[in-house]
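A.B. asks: build the 3D model from these lines:
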Amino acid sequence: MINWHRLFGLTLTDYFTDSAYRVETEKDLSVKQQRLDVLIIEQEAERPLPEPPDGLENLARHNLMTYKSLRQPLDAWALDELVGHYVNYRKLISPSWEQLLPVEDFQLYAVSTRHPEKLATAAALEFIKQGVYEVSWGSRRIRIIVLNEVSQIERNAVWQMFSAIPENVQYGAAQYQWRQPNHSKAINKLFEHYRVEGITMPYTWDDFERDLKEEVLAKLTPEELLRRLSPEERLEGLPLEELLKRVPPAERLKGLPPEEFLKRLTKEEIEAYLKKLSTSN
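C.D. replies: Below is the predicted model:
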(Lines give C-alpha, C1' and ligand atoms only; values in the text may rest on other atoms or scores of the structure.)
Protein backbone atom coordinates (compact mmCIF):
# COMPACT_ATOMS: atom_id res chain seq x y z
CA MET A 1 0.00 0.00 0.00
CA ILE A 2 1.26 3.46 -0.88
CA ASN A 3 2.28 5.39 2.22
CA TRP A 4 1.31 8.83 0.89
CA HIS A 5 1.08 10.25 4.41
CA ARG A 6 4.66 9.40 5.33
CA LEU A 7 5.96 10.82 2.05
CA PHE A 8 3.88 13.99 2.50
CA GLY A 9 5.17 14.37 6.06
CA LEU A 10 8.79 13.83 4.95
CA THR A 11 8.46 16.53 2.29
CA LEU A 12 7.02 19.03 4.77
CA THR A 13 9.80 18.11 7.20
CA ASP A 14 12.25 19.08 4.49
CA TYR A 15 10.35 22.28 3.62
CA PHE A 16 10.49 23.57 7.21
CA THR A 17 14.20 22.69 7.65
CA ASP A 18 16.20 25.59 9.18
CA SER A 19 13.02 27.61 9.69
CA ALA A 20 11.21 28.82 12.77
CA TYR A 21 9.16 25.60 12.77
CA ARG A 22 9.92 21.92 13.26
CA VAL A 23 7.75 19.09 11.93
CA GLU A 24 6.67 15.88 13.63
CA THR A 25 4.83 13.19 11.70
CA GLU A 26 2.40 10.49 12.81
CA LYS A 27 2.27 12.06 16.26
CA ASP A 28 0.86 9.73 18.91
CA LEU A 29 -1.69 11.72 20.90
CA SER A 30 -3.26 9.16 23.19
CA VAL A 31 -2.80 6.03 25.25
CA LYS A 32 -4.69 4.16 22.52
CA GLN A 33 -2.56 4.99 19.51
CA GLN A 34 -4.05 7.66 17.24
CA ARG A 35 -1.73 9.36 14.81
CA LEU A 36 -1.91 12.93 13.57
CA ASP A 37 -0.55 13.21 10.01
CA VAL A 38 1.61 16.32 10.49
CA LEU A 39 2.42 18.58 13.44
CA ILE A 40 4.27 21.85 12.74
CA ILE A 41 5.68 23.56 15.84
CA GLU A 42 7.19 27.03 15.95
CA GLN A 43 10.80 27.33 17.10
CA GLU A 44 11.40 30.90 18.16
CA ALA A 45 15.20 30.70 17.85
CA GLU A 46 15.07 29.85 14.15
CA ARG A 47 14.45 32.08 11.14
CA PRO A 48 10.88 32.67 9.90
CA LEU A 49 9.67 31.35 6.57
CA PRO A 50 10.35 34.00 3.90
CA GLU A 51 7.28 33.16 1.80
CA PRO A 52 5.08 30.25 2.93
CA PRO A 53 3.02 28.30 0.40
CA ASP A 54 -0.58 29.37 -0.08
CA GLY A 55 -2.70 28.51 2.93
CA LEU A 56 0.08 28.56 5.53
CA GLU A 57 0.23 32.34 5.96
CA ASN A 58 -1.49 32.08 9.35
CA LEU A 59 0.82 29.59 11.05
CA ALA A 60 0.57 29.64 14.85
CA ARG A 61 2.85 28.19 17.56
CA HIS A 62 1.24 24.75 17.12
CA ASN A 63 -0.22 23.65 13.78
CA LEU A 64 -2.11 20.39 13.38
CA MET A 65 -2.60 19.03 9.86
CA THR A 66 -4.58 16.18 8.39
CA TYR A 67 -3.75 15.10 4.84
CA LYS A 68 -5.88 13.24 2.32
CA SER A 69 -4.25 11.79 -0.81
CA LEU A 70 -5.91 11.30 -4.19
CA ARG A 71 -8.04 8.26 -3.26
CA GLN A 72 -9.04 9.55 0.19
CA PRO A 73 -11.99 11.89 0.74
CA LEU A 74 -11.75 14.92 2.98
CA ASP A 75 -15.13 14.60 4.66
CA ALA A 76 -16.91 15.54 7.88
CA TRP A 77 -15.41 12.63 9.79
CA ALA A 78 -11.89 13.70 8.83
CA LEU A 79 -12.55 17.15 10.32
CA ASP A 80 -14.08 15.58 13.45
CA GLU A 81 -10.88 13.56 13.87
CA LEU A 82 -8.73 16.65 13.39
CA VAL A 83 -10.62 18.55 16.09
CA GLY A 84 -10.30 15.51 18.35
CA HIS A 85 -6.53 15.46 17.80
CA TYR A 86 -6.43 19.18 18.64
CA VAL A 87 -8.27 18.61 21.95
CA ASN A 88 -5.93 15.77 22.95
CA TYR A 89 -2.80 17.62 21.89
CA ARG A 90 -3.77 20.82 23.68
CA LYS A 91 -4.27 18.85 26.89
CA LEU A 92 -1.01 16.97 26.35
CA ILE A 93 1.27 20.02 26.05
CA SER A 94 -0.50 22.43 28.44
CA PRO A 95 0.80 22.92 31.99
CA SER A 96 -2.39 21.28 33.29
CA TRP A 97 -5.97 20.59 32.23
CA GLU A 98 -7.01 23.54 34.36
CA GLN A 99 -4.37 25.78 32.75
CA LEU A 100 -4.62 25.11 29.00
CA LEU A 101 -2.50 26.99 26.47
CA PRO A 102 -4.49 29.76 24.73
CA VAL A 103 -6.66 28.89 21.73
CA GLU A 104 -4.76 31.32 19.50
CA ASP A 105 -1.62 29.19 19.89
CA PHE A 106 -3.21 26.55 17.64
CA GLN A 107 -4.14 26.35 13.96
CA LEU A 108 -5.89 23.48 12.22
CA TYR A 109 -5.29 22.53 8.57
CA ALA A 110 -6.94 19.98 6.30
CA VAL A 111 -4.91 19.36 3.15
CA SER A 112 -6.62 17.50 0.33
CA THR A 113 -5.32 16.49 -3.08
CA ARG A 114 -8.72 17.12 -4.68
CA HIS A 115 -11.70 19.33 -3.95
CA PRO A 116 -13.78 17.97 -1.02
CA GLU A 117 -17.09 17.76 -2.90
CA LYS A 118 -18.90 15.80 -0.20
CA LEU A 119 -17.75 18.14 2.55
CA ALA A 120 -18.83 21.15 0.47
CA THR A 121 -22.40 19.85 0.54
CA ALA A 122 -22.33 19.50 4.35
CA ALA A 123 -20.65 22.80 5.25
CA ALA A 124 -20.09 26.25 3.78
CA LEU A 125 -16.52 26.52 2.53
CA GLU A 126 -15.39 30.15 2.65
CA PHE A 127 -13.14 31.04 -0.30
CA ILE A 128 -9.85 32.65 0.81
CA LYS A 129 -7.80 32.45 -2.39
CA GLN A 130 -7.32 29.98 -5.22
CA GLY A 131 -7.20 26.51 -3.67
CA VAL A 132 -7.56 27.81 -0.09
CA TYR A 133 -10.77 27.77 1.95
CA GLU A 134 -11.90 27.96 5.57
CA VAL A 135 -14.75 26.27 7.35
CA SER A 136 -16.22 26.69 10.83
CA TRP A 137 -16.26 23.31 12.57
CA GLY A 138 -17.59 23.33 16.10
CA SER A 139 -15.66 25.98 17.99
CA ARG A 140 -12.75 25.91 15.54
CA ARG A 141 -11.92 27.46 12.17
CA ILE A 142 -10.17 24.96 9.89
CA ARG A 143 -8.05 26.05 6.92
CA ILE A 144 -8.59 23.78 3.90
CA ILE A 145 -5.90 23.59 1.21
CA VAL A 146 -6.78 21.87 -2.08
CA LEU A 147 -3.53 20.87 -3.77
CA ASN A 148 -4.83 20.45 -7.33
CA GLU A 149 -6.32 23.96 -7.22
CA VAL A 150 -3.56 26.14 -5.74
CA SER A 151 -1.78 28.55 -8.09
CA GLN A 152 1.17 27.19 -10.06
CA ILE A 153 3.79 29.55 -8.65
CA GLU A 154 7.21 28.93 -7.14
CA ARG A 155 6.20 29.24 -3.49
CA ASN A 156 3.59 26.48 -4.03
CA ALA A 157 6.10 23.98 -5.44
CA VAL A 158 5.83 21.84 -2.29
CA TRP A 159 2.04 21.61 -2.85
CA GLN A 160 2.29 21.05 -6.61
CA MET A 161 4.31 17.85 -6.14
CA PHE A 162 1.27 16.28 -4.43
CA SER A 163 -1.39 17.73 -6.75
CA ALA A 164 -1.77 14.55 -8.90
CA ILE A 165 -1.82 16.73 -12.04
CA PRO A 166 1.15 15.56 -14.15
CA GLU A 167 2.20 18.98 -15.46
CA ASN A 168 1.86 20.53 -11.98
CA VAL A 169 3.88 17.70 -10.41
CA GLN A 170 6.53 18.28 -13.07
CA TYR A 171 6.57 22.00 -12.27
CA GLY A 172 6.79 21.38 -8.53
CA ALA A 173 9.64 18.88 -8.89
CA ALA A 174 11.61 21.31 -11.04
CA GLN A 175 11.03 24.33 -8.78
CA TYR A 176 11.25 22.87 -5.28
CA GLN A 177 14.68 23.32 -3.68
CA TRP A 178 15.32 20.52 -1.18
CA ARG A 179 16.74 21.74 2.13
CA GLN A 180 18.20 18.37 3.07
CA PRO A 181 20.06 16.59 0.22
CA ASN A 182 19.14 13.08 1.35
CA HIS A 183 15.44 14.00 1.17
CA SER A 184 15.64 14.76 -2.56
CA LYS A 185 15.35 11.02 -3.25
CA ALA A 186 11.73 11.25 -2.08
CA ILE A 187 10.74 12.66 -5.47
CA ASN A 188 11.66 9.30 -7.04
CA LYS A 189 9.23 7.54 -4.69
CA LEU A 190 6.62 10.19 -5.43
CA PHE A 191 6.73 9.48 -9.18
CA GLU A 192 6.62 5.73 -8.52
CA HIS A 193 3.52 6.18 -6.37
CA TYR A 194 1.78 8.16 -9.10
CA ARG A 195 2.48 5.40 -11.60
CA VAL A 196 0.99 2.84 -9.20
CA GLU A 197 -2.10 5.06 -8.90
CA GLY A 198 -2.45 4.91 -12.69
CA ILE A 199 -1.38 8.52 -13.29
CA THR A 200 0.83 8.89 -16.34
CA MET A 201 3.89 10.94 -15.51
CA PRO A 202 5.54 12.31 -18.66
CA TYR A 203 8.36 13.66 -16.51
CA THR A 204 10.51 10.88 -15.09
CA TRP A 205 13.17 10.89 -12.39
CA ASP A 206 15.82 10.59 -15.11
CA ASP A 207 14.34 13.67 -16.81
CA PHE A 208 14.45 15.56 -13.53
CA GLU A 209 18.08 14.63 -12.81
CA ARG A 210 19.13 15.54 -16.36
CA ASP A 211 17.36 18.92 -16.25
CA LEU A 212 18.77 19.66 -12.80
CA LYS A 213 22.33 18.92 -13.96
CA GLU A 214 21.88 21.10 -17.03
CA GLU A 215 20.47 23.91 -14.90
CA VAL A 216 23.44 23.73 -12.49
CA LEU A 217 26.02 23.48 -15.27
CA ALA A 218 24.52 26.47 -17.09
CA LYS A 219 25.22 28.62 -14.02
CA LEU A 220 28.92 27.67 -13.80
CA THR A 221 31.63 29.77 -15.44
CA PRO A 222 34.18 28.04 -17.74
CA GLU A 223 36.78 28.42 -14.98
CA GLU A 224 34.49 26.71 -12.45
CA LEU A 225 33.81 23.88 -14.90
CA LEU A 226 37.52 23.34 -15.59
CA ARG A 227 38.31 23.19 -11.86
CA ARG A 228 36.04 20.17 -11.59
CA LEU A 229 37.97 18.25 -14.26
CA SER A 230 41.25 16.39 -13.97
CA PRO A 231 43.98 17.10 -16.60
CA GLU A 232 43.11 13.80 -18.30
CA GLU A 233 39.39 14.69 -18.41
CA ARG A 234 40.15 18.10 -19.89
CA LEU A 235 42.08 16.52 -22.79
CA GLU A 236 39.76 13.56 -23.37
CA GLY A 237 38.12 13.62 -26.79
CA LEU A 238 40.43 16.23 -28.34
CA PRO A 239 42.13 14.99 -31.59
CA LEU A 240 45.95 14.79 -31.56
CA GLU A 241 46.23 17.52 -34.20
CA GLU A 242 44.26 19.92 -32.01
CA LEU A 243 46.42 19.11 -28.99
CA LEU A 244 49.66 19.68 -30.94
CA LYS A 245 48.44 23.11 -32.10
CA ARG A 246 48.22 24.17 -28.46
CA VAL A 247 51.90 23.31 -27.76
CA PRO A 248 54.60 25.74 -29.04
CA PRO A 249 56.98 24.05 -31.53
CA ALA A 250 60.01 24.69 -29.33
CA GLU A 251 58.30 22.89 -26.43
CA ARG A 252 56.91 20.11 -28.60
CA LEU A 253 60.30 19.24 -30.13
CA LYS A 254 62.56 20.02 -27.18
CA GLY A 255 65.52 17.61 -26.95
CA LEU A 256 65.51 16.54 -30.61
CA PRO A 257 68.69 16.96 -32.75
CA PRO A 258 68.52 20.10 -34.97
CA GLU A 259 68.09 18.11 -38.19
CA GLU A 260 65.23 16.06 -36.66
CA PHE A 261 63.77 19.24 -35.15
CA LEU A 262 63.50 20.86 -38.59
CA LYS A 263 61.97 17.75 -40.16
CA ARG A 264 59.07 17.89 -37.70
CA LEU A 265 58.17 21.53 -38.40
CA THR A 266 55.87 22.79 -41.11
CA LYS A 267 57.01 25.57 -43.44
CA GLU A 268 54.79 28.05 -41.59
CA GLU A 269 56.19 27.01 -38.20
CA ILE A 270 59.78 27.36 -39.45
CA GLU A 271 59.05 30.85 -40.79
CA ALA A 272 57.38 31.86 -37.54
CA TYR A 273 60.22 30.45 -35.48
CA LEU A 274 62.88 32.24 -37.54
CA LYS A 275 60.92 35.49 -37.31
CA LYS A 276 60.76 35.11 -33.56
CA LEU A 277 64.50 34.54 -33.37
CA SER A 278 65.29 37.59 -35.52
CA THR A 279 63.00 39.74 -33.44
CA SER A 280 64.57 38.61 -30.18
CA ASN A 281 68.05 39.39 -31.56
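A.B. asks: check what pLDDT the nearest residue to residue 151 once chain neighbours are set aside gets.
C.D. replies: Setting aside the residues directly before and after it, residue 151 is nearest to residue 130 in space (Cβ to Cβ, 6 or more residues apart in numbering), at 5.2 Å. Quick note: C-beta positions are derived from backbone N, CA and C, even for glycine. Looking at residue 130, its pLDDT reads 97.
A.B. asks: got a list of what residue 130 touches?
C.D. replies: 54, 149-151 (Cβ atoms under 8 Å, 6 or more residues apart in numbering).
A.B. asks: gap between it and residue 61?
C.D. replies: 27 Å (Cβ to Cβ, to the nearest Å).
A.B. asks: where in the stretch 51-200 of the chain is pLDDT low?
C.D. replies: For the stretch 51-200 of the chain, the stretches with pLDDT under 70 are 185, 195-196, 198-200.
A.B. asks: that one: helices as residue ranges?
C.D. replies: Taking DSSP state H, counting those that start in this stretch as the criterion, the stretch 51-200 of the chain carries its helices at 76-93, 117-122, 157-160, 166-175, 186-196.
A.B. asks: the fourth one vs helix 186-196, what angle?
C.D. replies: Relative orientation of helix 166-175 and helix 186-196, computed by axes from the mean of the first three to the mean of the last three Cα atoms, to 10 degrees: 170 degrees.
A.B. asks: same check on the longest one?
C.D. replies: Orientation check (the same axes, to 10 degrees): helix 76-93 against helix 186-196 gives 150 degrees.
A.B. asks: and the residue nearest to residue 151, its phi and psi?
C.D. replies: The phi/psi pair for residue 130 (degrees, to the nearest 10) reads phi -60, psi 120.
A.B. asks: pretty sure residue 144 contacts residue 116?
C.D. replies: Yes - with contact defined as Cβ atoms under 8 Å, residue 144 counts as touching residue 116 (6.9 Å).
A.B. asks: need the overlap of contacts for the two.
C.D. replies: 74, 110, 125.
A.B. asks: of those residues, which is the most crowded?
C.D. replies: Using other Cβ atoms under 10 Å as the neighbour test, the shared contacts of residue 144 and residue 116 are led by residue 110, with 28 neighbours.
A.B. asks: wait, that residue touches residue 77, no?
C.D. replies: No - using Cβ under 8 Å, residue 110 makes no contact with residue 77, being 11.5 Å away.
A.B. asks: how about the strands of this structure, start to end?
C.D. replies: Taking DSSP state E to define them, one finds strands in the chain at 21-28, 35-42, 62-68, 106-112, 126-129, 132-137, 140-146.
A.B. asks: from the chain's centroid, how far away is the shortest one?
C.D. replies: Read that as strand 126-129. 26 Å (Cα atoms, centre = their mean, to the nearest Å).
A.B. asks: quick one: strands adjacent to that strand?
C.D. replies: Strand partners for strand 126-129, identified by DSSP bridges, are recorded as strand 132-137 (antiparallel).
A.B. asks: for residue 134, give me its contacts.
C.D. replies: So residue 134 contacts 125-126, 128, 141-144 (Cβ under 8 Å, 6+ apart).
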